[in-house]
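Visitor: Provided below for reference: sequence and predicted model.
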Protein chains: 2
Amino acid sequence: MSERKIRNMEEFAAKSGVSRPTVSKYFNDPSSVRKSTRERIEAALERYDFRPNLYAVNQNRRLTKNIGIVVPNVADPFFSEMARNIEGLLIDAGYSPSTFSSHGSRDHEIEILETLRAIRPAGVLMAPLGRASDRAKIEGFCKDVPTVLFDSNIEGVGAAFIGSDPFQSVPLMVEYLCRSGEPPCFFEMPPVNPNANKRREAYLWAMQDLGHAPHVVRVEGSGWDFEDIGYREGLRVIKEGGLPSRTVLCSNDRLAIGLLAAAYESGIRVGITEDCSMRIAGHDDHPFARFTCPSLTTVAQDYKSISKGSVETILNLVDGGTVRDSEREVLFEGRLVMRASA
Amino acid sequence: MSERKIRNMEEFAAKSGVSRPTVSKYFNDPSSVRKSTRERIEAALERYDFRPNLYAVNQNRRLTKNIGIVVPNVADPFFSEMARNIEGLLIDAGYSPSTFSSHGSRDHEIEILETLRAIRPAGVLMAPLGRASDRAKIEGFCKDVPTVLFDSNIEGVGAAFIGSDPFQSVPLMVEYLCRSGEPPCFFEMPPVNPNANKRREAYLWAMQDLGHAPHVVRVEGSGWDFEDIGYREGLRVIKEGGLPSRTVLCSNDRLAIGLLAAAYESGIRVGITEDCSMRIAGHDDHPFARFTCPSLTTVAQDYKSISKGSVETILNLVDGGTVRDSEREVLFEGRLVMRASA
DNA sequence: TGCTCAATTTTACGCGCGTAAAAAAAGAAT
DNA sequence: ATTCTTTTTTTACGCGCGTAAAATTGAGCA
């Protein structure tokens, strides 16, 4: 490899004894050239290391191979895992993913879309902030660029939505909690995205279905510092004596992690064993849920199916395909993960 | 804005009544054109939304404005915070950062460097995996692209290193622990990067300095699943009856989080209060350290100074500057964060 | 051998911009 | 008004590649 540096495709074509347009064709799709030609190019590729100039390529292609990935917060392990998964799938499919994090900010989310326009992506996979999102601007973006939403939906925006089904996952947990002890109350903060709302609705529905009186504890707080909110407000609520049930279902794991810390600090033993006076459950199977004290009972989202589904949908769309009505909203089921906290 | 879409700079130049090369000059540096000209361009910019084509620009510029950021693992909140910080500083300076995560893999780290070559970055900020890194290849990369290392050093590689000083931060913690209770043992896993080694050395040094016998507990495990290793090996060590001290200093917070979980599960109360039989301290001030049970006493790294220093150094380098000998290795001090665990 | 079709080469153009050099214009100083 | 200086325009070229159309080549086959 790399006997000498090659400057451009012209030079490389000469070395391999093939014309430049043929080399260009090869790089766009190796199988589109005759086998003998392919072998000559690949032989040259072994001797010289040449890669087509990314900028020249993208300037001239009708459509780049770029796919943008937008998540609310890469610091959140759920999204960092999703992004990593999706990136892998896209690379395998021959695309160039680039991931951006909104850091929970509405303005930043829009800025990312502006940046994305600059790289002229073939498509975008986006987990929007949700309620905080600038709907109009995102809608405008989706008109220009094929976009698939995941995790959190904005009704009527984007070509499709892939996520998990709160009306399956939450009742699953509620049913378990009711079966194994006191029916849960629901611990939530003001919803930053539609998921949170749906989870509450699903909780209410499930409780009624089981013939129990639902209790929603809504605490204050905004932004994406869920642990902090769960902790601070958890401390306050506990101090004021006031959880309506000794079983608490949190709207997500990060909130639960905060609440666990609050309970610990308040001297409340949390868990399923007899010496415990409180049970706490979460939702999402956050990577740290295994290491909380006690370990957190939760519902795992189907990471793999969601990322696989999102990628398949956007690639189909990019390839000129359309989304069938039945695929406009695809929801996967959650899986109960029983640990020590509930 | 956007009365009509503009296709290229030629067209935009016509609209603003200025020649295309002048517009080009403006976009490279607004202050390089006469004030009256600038105003005409900016007036046009208000009416039409035009942005120079990224690919055409980068193809023709001698040097792009791209700066690569490479971290071992964006899922680790420490690195995701660092990356975010650095990105902000670079954007403010007029550069385009793009962040890549090695995901703890030696091969992936090298692949990232290959990818980086493709975007022809002006410079790179890299937190290498450390011992797992392919030193030769990284060295080769640094020969072609100005590169500054941060967080974890590879001796002799890169133009400079910015990090924190374990020989300040660790003794700070050791001194505190000795002053407030039983002298600590050191809980560590096989070092994935030089930092871990240095922290152990610093521990040994500090203990001797204070006239105590050091005890290093090295547990098994590889990879970057620190919490998992701390948990599993913590369980094992506790079960075998065997921590040499009731105060444990972990080589980082993530390991400590795992150990805390192990202690909890083993029924050991951890903390500084009298009813506790064990103290655990960490290092780094991981964002979750506030929410462990009990909250984790640790040493905070100087995020801001490290990212600011890294950015200043690389930009200086990119601007053709050189690194003075005194700046080849810059270390910042850590700050003791006292919480409930030790 | 001659034919057909697909693969390849040739030729030619364009993408949108940076950049350098020379010419022209504008502004400042005399 | 003249000269000098700075800024802008003009002109011209090149970056490295995609792509389309026409010309050529080669393989497979009768």
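Guide: Looks like it arrived, so ask away.
Visitor: residues in contact with residue A:125?
Guide: Residues near residue A:125 by C-beta atoms under 8 Å, 6 or more residues apart in numbering or on different chains: A:67, A:68, A:69, A:70, A:86, A:147, A:148, A:150, A:310, A:311, A:314. (Each C-beta comes from the backbone N, C-alpha and C, glycine too.)
Visitor: for the fifth one, what are its contacts?
Guide: For residue A:86, the contacting residues are A:69, A:97, A:125, A:307, A:310, A:311, taking C-beta under 8 Å, 6+ apart as the criterion.
Visitor: what sits closest to the fourth one if chain neighbours are left out?
Guide: Closest residue in space to residue A:307, ignoring its immediate chain neighbours: residue A:85 at 4.0 Å, by C-beta to C-beta, 6 or more residues apart in numbering or on different chains.
Visitor: before we move on, what SS does that neighbour have?
Guide: Put simply, residue A:85 is helix when judged by DSSP: H, G, I helix; E, B strand; the rest coil.
Visitor: number of residues surrounding it?
Guide: For residue A:85, the tally of surrounding residues (other C-beta atoms under 10 Å in any protein chain shown) stands at 17.
Visitor: thought it was touching residue A:305?
Guide: No: here residue A:85 does not reach residue A:305: they are 10.3 Å apart, not a contact under C-beta atoms under 8 Å.
Visitor: pass me the low-pLDDT residue ranges in the stretch 201-342 of chain A, would you?
Guide: Under the criterion of pLDDT under 70, none of the stretch 201-342 of chain A is flagged as low confidence.
Visitor: and the strands in it?
Guide: Chain-ordered strands for the stretch 201-342 of chain A, with DSSP state E, counting those that start in this stretch as the definition, fall at A:216-218, A:247-250, A:279-281, A:298-300, A:329-332, A:335-337.
Visitor: ok, stretch A:205-219 near chain B or not?
Guide: No: using C-beta under 8 Å from any C-beta of the partner chain, stretch A:205-219 stays clear of chain B, coming no nearer than 15.6 Å.
Visitor: contacts for that stretch, please.
Guide: Residues external to stretch A:205-219 that are found in contact with it (C-beta under 8 Å, 6+ apart): A:167, A:170-171, A:174-175, A:178, A:183, A:185-190, A:200, A:203-204, A:229-230, A:233-234, A:236-237, A:242-245, A:248.
Visitor: list only buried entries from these.
Guide: The neighbour-count test (16 or more other C-beta atoms under 10 Å in any protein chain shown) applied to the contacts of stretch A:205-219 identifies A:170-171, A:174, A:178, A:183, A:185-189, A:200, A:203-204, A:229-230, A:233-234, A:237, A:243, A:245, A:248 as buried.
Visitor: near DNA strand C too, which of those residues?
Guide: The subset of the buried ones among the contacts of stretch A:205-219 lying close to DNA strand C, counting by C-beta under 7 Å from any atom of the strand, is empty.
Visitor: in helices, which of those fall?
Guide: Restricting the buried ones among the contacts of stretch A:205-219 to those inside helices, with DSSP state H as the criterion, leaves A:170, A:171, A:174, A:178, A:200, A:203, A:204, A:229, A:230, A:233, A:234, A:237.
Visitor: what sits against the residue in the stretch 151-300 of chain A positioned nearest to DNA strand D?
Guide: When scored by C-beta to the nearest atom of the strand, the stretch 151-300 of chain A has residue A:159 as its residue closest to DNA strand D, at 22.8 Å. Each residue near residue A:159 by C-beta under 8 Å, 6+ apart is listed here: A:142, A:146, A:147, A:148, A:313, A:317, A:323, A:328.
Visitor: repeat that with 7 Å
Guide: For residue A:159, the contacting residues are A:146, A:147, A:148, A:317, A:323, by C-beta atoms under 7 Å, 6 or more residues apart in numbering or on different chains.
Visitor: and these, which two are furthest apart?
Guide: In these, two members sit farther apart than any others by C-beta to C-beta. They are A:147 and A:323, at 11.3 Å.
Visitor: those two: which has the busier surroundings?
Guide: Using other C-beta under 10 Å, the more surrounded residue of residue A:147 and residue A:323 is residue A:147, with 26 against 18.
Visitor: now the more buried one: phi and psi?
Guide: In terms of degrees, to the nearest 10, the main-chain angles of residue A:147 are phi -130, psi 130.
Visitor: with residue A:21 instead?
Guide: Dihedral angles phi and psi of residue A:21 (degrees, to the nearest 10) take the values phi -60, psi -30.
Visitor: who touches residue A:9 in this structure?
Guide: Contact partners of residue A:9, counting by C-beta under 7 Å, 6+ apart, are A:20, A:23, A:24, A:52.
Visitor: roughly how far does residue A:13 sit from residue A:55?
Guide: Distance, residue A:13 to residue A:55, using C-beta to C-beta, to the nearest Å: 19 Å.
Visitor: which ones are touching residue A:269?
Guide: The neighbours of residue A:269, taking C-beta under 7 Å, 6+ apart as the test, are A:275, A:276, A:277.
Visitor: turn the residues you listed into a markdown table, including neighbour count and distance to residue B:263.
Guide: Shown next, in a markdown table, are the contacts of residue A:269 (neighbours: other C-beta atoms under 10 Å in any protein chain shown; distance: C-beta to C-beta, whole Å):
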| residue | neighbour count | distance to residue B:263 |
| --- | --- | --- |
| A:275 | 6 | 17 |
| A:276 | 18 | 17 |
| A:277 | 12 | 21 |
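Visitor: would a markdown table of those with distance to DNA strand D be doable?
Guide: Formatted as a markdown table, the contacts of residue A:269 follow (distance: C-beta to the nearest atom of the strand, whole Å):
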| residue | distance to DNA strand D |
| --- | --- |
| A:275 | 68 |
| A:276 | 63 |
| A:277 | 66 |
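Visitor: how much space between the nearest residue to residue A:221 once chain neighbours are set aside and residue A:159?
Guide: Across the structure, with C-beta to C-beta, 6+ apart as the measure, the residue nearest residue A:221 apart from its sequence neighbours is residue A:229 (3.4 Å). For residue A:229, the distance to residue A:159 (C-beta to C-beta) stands at 33 Å.
Visitor: do residue A:90 as well
Guide: Computed with C-beta to C-beta, the distance linking residue A:90 and residue A:159 is 17 Å.
Visitor: residues from chain A in reach of DNA strand D?
Guide: Contact residues of chain A with respect to DNA strand D, defined by C-beta under 7 Å from any atom of the strand, are listed as A:7-10, A:20-21, A:24-25, A:27-28, A:36, A:52-53, A:56-57, A:59-62.
Visitor: what about the residue nearest to residue A:284 when sequence neighbours are not counted, how many residues nearby?
Guide: Using C-beta to C-beta, 6+ apart and skipping the chain neighbours, the partner closest in space to residue A:284 is residue A:253 (4.6 Å). When neighbours are defined as other C-beta under 10 Å, residue A:253 has 27 of them.
Visitor: residues contacting residue A:253?
Guide: When contacts are counted by C-beta under 7 Å, 6+ apart, residue A:253 is found next to A:282, A:283, A:284, A:285, A:286, A:289, A:296, A:298.
Visitor: and for the closest residue to residue A:266 other than its chain neighbours, the neighbour number?
Guide: With C-beta to C-beta, 6+ apart as the criterion, residue A:266 has its nearest non-adjacent residue at 4.8 Å, and that residue is residue A:238. Residues lying near residue A:238 (other C-beta under 10 Å) number 18.
Visitor: which phi and psi does the residue in chain A that DNA strand C sits nearest to have?
Guide: Ranked by C-beta to the nearest atom of the strand, the top residue of chain A for proximity to DNA strand C is residue A:34, at 2.5 Å. Per-residue torsions, residue A:34: phi -60, psi 150 (degrees, to the nearest 10).
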